[in-house]
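Participant: Next come a sequence and a model predicted from it.
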Amino acid sequence: MPPMTDTAPASFSTVGVIGLGTMGAGIAEVFARNGYTVIGVELNDGGVERGRQHLEHSTGRAVKREKMTEEQQAELLGRITLTTDMGALSAADLVVEAVVESLAIKKSIFATLDGIVRDDAILATNTSSLSVTEISTANSRPGRVIGVHFFNPAPVQNLVEIIRTVVTEPAVLDAVQGVLRDLGKNPVVCGDKAGFIANTLLFGYLNHAVSMYEGKYASREDIDAAMRFGCGYPMGPLALLDLIGLDTAYEILDTMYKQGRDRLHAPAPILKQYVTAGLLGRKSGRGFYTYEAPDSPVVV
Ligand code: 3HC
């Protein structure tokens, strides 16, 4: 993980993050680590508390590993204000929306932001497969809307995909590239097609692994071991799906399949069954594997 810095560029100092689940809290942490003032917005007090726990847990891990002192942790957390008041985003230079993958919810948030944010603010969505163009039309300034797709865990993974729509202003793209580079991230730019670059390539492979497991061709451990030890991947596909969240993975596959009709992306039936049964991966304690805590090693 890159070291902490204390200053943000003068032109961008305050960043709003809407939704403090795994991705939103990770994104808030990345900005705060790099000296930005962060306003984290959640729907209700329960969401705020969950966001606080994510942030304390993730930064606490860095303290335990002696990558950060307790004072730096307190400073970092001190840069993040958590609230249920969307109005607080009037102070933001950049807003990153990271709520659930629902087009209706995202559109309603972008419509609400119209009456709140400054005219010169940039609005970004962290969608992993929905249409950025469609989300942008809910706002009166679609030219200032862009996609920024972080990868899980956001504080660790260096890639961020930037999705420009046909109406994204070139200056907005330049500014967002600059901010992401300032965070130590590696931005890549692509057009607005479900799955963007990485998920389009990754999810066919993940879905195939699920089908292999569903068909009892090999055990989960052997499928994962094959890709870790044979191909040098940091995690096997089933463990990675547990990290991503099976509900999120299902939504991504379903959206890509509906848009592209590539049968590689037709979600394996067992994925839907796991989601319906509440087996969502690490975040619920059980997916393909069972976990003691969201980040703990595999137990069963
Ligand atoms: N949150 C924050 N930091 C974390 C973390 C988490 N959940 N998990 C691990 N880390 C940090 C650790 O603190 C450590 O930091 P340090 O180097 O500063 O000490 C570093 O990551 C390495 O962690 P570990 O030594 O505990 O474990 P590993 O070396 O096994 O790495 C991993 C864990 C980073 C998760 C690694 O296995 C990995 O990169 N896995 C692949 C993840 C991946 O492919 N992500 C992309 C998913 S697709 C996606 O996000 C798109 C979306 O649309 C679904």
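Facilitator: Yep, that arrived. Values in this document were obtained by computation on a predicted structure and should not be read as measured data. Numbers count the residues shown, from 1 in each chain.

Participant: make it CA atoms for all contacts and neighbour counts henceforth
Facilitator: OK.

Participant: Which residues of the chain lie near the ligand?
Facilitator: Residues of the chain lying near the ligand by Cα under 6 Å from any ligand atom: 1, 58, 61-62, 65, 128, 151-153, 155-156, 234-235, 244.

Participant: Neighbour-wise, give me the winner out of these.
Facilitator: Within those, residue 128 tops the neighbour count with 25 neighbours, counted by other Cα atoms under 10 Å.

Participant: can I assume it sits in a helix?
Facilitator: No: Residue 128 is assigned coil when assessed by DSSP: H, G, I helix; E, B strand; the rest coil, not a helix.

Participant: Quick check, pLDDT for it.
Facilitator: On pLDDT, residue 128 comes in at 91.

Participant: can you check the one 5 residues further on too?
Facilitator: The confidence metric pLDDT takes the value 98 at residue 133.

Participant: Tell me if I'm right that it and residue 165 touch.
Facilitator: Yes: using Cα atoms under 8 Å, residue 133 is in contact with residue 165, at 5.7 Å.

Participant: follow-up on the earlier one: greatest separation within the residues of the chain next to the ligand: which pair is it?
Facilitator: The largest distance within the residues of the chain next to the ligand, taken as Cα to Cα, falls between 65 and 128 and amounts to 30.4 Å.

Participant: burial of residue 124, as a residue count?
Facilitator: Neighbour number of residue 124 under other Cα under 10 Å is 26.

Participant: can you give me the strands in the chain?
Facilitator: 14-18, 37-41, 80-83, 94-97, 122-125, 145-150, 159-163, 186-190 (DSSP state E).

Participant: Run the angle between the last one and strand 145-150 for me.
Facilitator: Following axes from the mean of the first three to the mean of the last three Cα atoms, to 10 degrees, one obtains 130 degrees for the angle between strand 186-190 and strand 145-150.

Participant: Could you list the buried residues of strand 186-190?
Facilitator: 187, 189 (16 or more other Cα atoms under 10 Å).

Participant: Average pLDDT for it, rounded please.
Facilitator: pLDDT averaged over strand 186-190 gives 98.

Participant: tell me how far it is from the chain's mean position?
Facilitator: Relative to its parent chain, strand 186-190 has a centroid offset of 15 Å by Cα atoms, centre = their mean, to the nearest Å.

Participant: residues shared between the contacts of residue 133 and residue 165?
Facilitator: residue 192 (Cα atoms under 8 Å, 6 or more residues apart in numbering).

Participant: where are the low-confidence patches of the stretch 1-150 of the chain?
Facilitator: Applying pLDDT under 70 to the stretch 1-150 of the chain picks out residues 1-10.

Participant: what about the closest residue to residue 143 other than its chain neighbours, how many neighbours?
Facilitator: Leaving aside its sequence neighbours, residue 143 sits nearest to residue 168 (Cα to Cα, 6 or more residues apart in numbering; 4.2 Å). Neighbour count for residue 168, taken as other Cα under 10 Å: 19.

Participant: Repeat that for residue 57.
Facilitator: Neighbour tally, residue 57, other Cα under 10 Å: 14.

Participant: And it, how far from residue 245?
Facilitator: Per Cα to Cα, to the nearest Å, residue 57 is found 18 Å from residue 245.

Participant: same question, residue 234
Facilitator: 17 Å.

Participant: Same question for residue 120.
Facilitator: 35 Å.

Participant: With residue 52 instead?
Facilitator: 20 Å.

Participant: again, but for residue 145
Facilitator: 27 Å.

Participant: These two: which has the busier surroundings?
Facilitator: The residue with more neighbours, out of residue 145 and residue 245, is residue 145; 30 against 21, by other Cα under 10 Å.

Participant: For that one, which non-adjacent residue is closest in space?
Facilitator: The nearest residue in space to residue 145 (Cα to Cα, 6+ apart) is residue 123, at 4.8 Å.

Participant: Bridged to that neighbour, which residues?
Facilitator: Counting by DSSP bridges, residue 123 is bridged to residue 95, residue 145.

Participant: how many neighbours does it have?
Facilitator: 26.

Participant: residue contacts, it?
Facilitator: 94-97, 144-146.

Participant: Between these, which sits nearest residue 18?
Facilitator: Nearest to residue 18 among these, with distances taken as Cα to Cα, is residue 97, at 4.6 Å.
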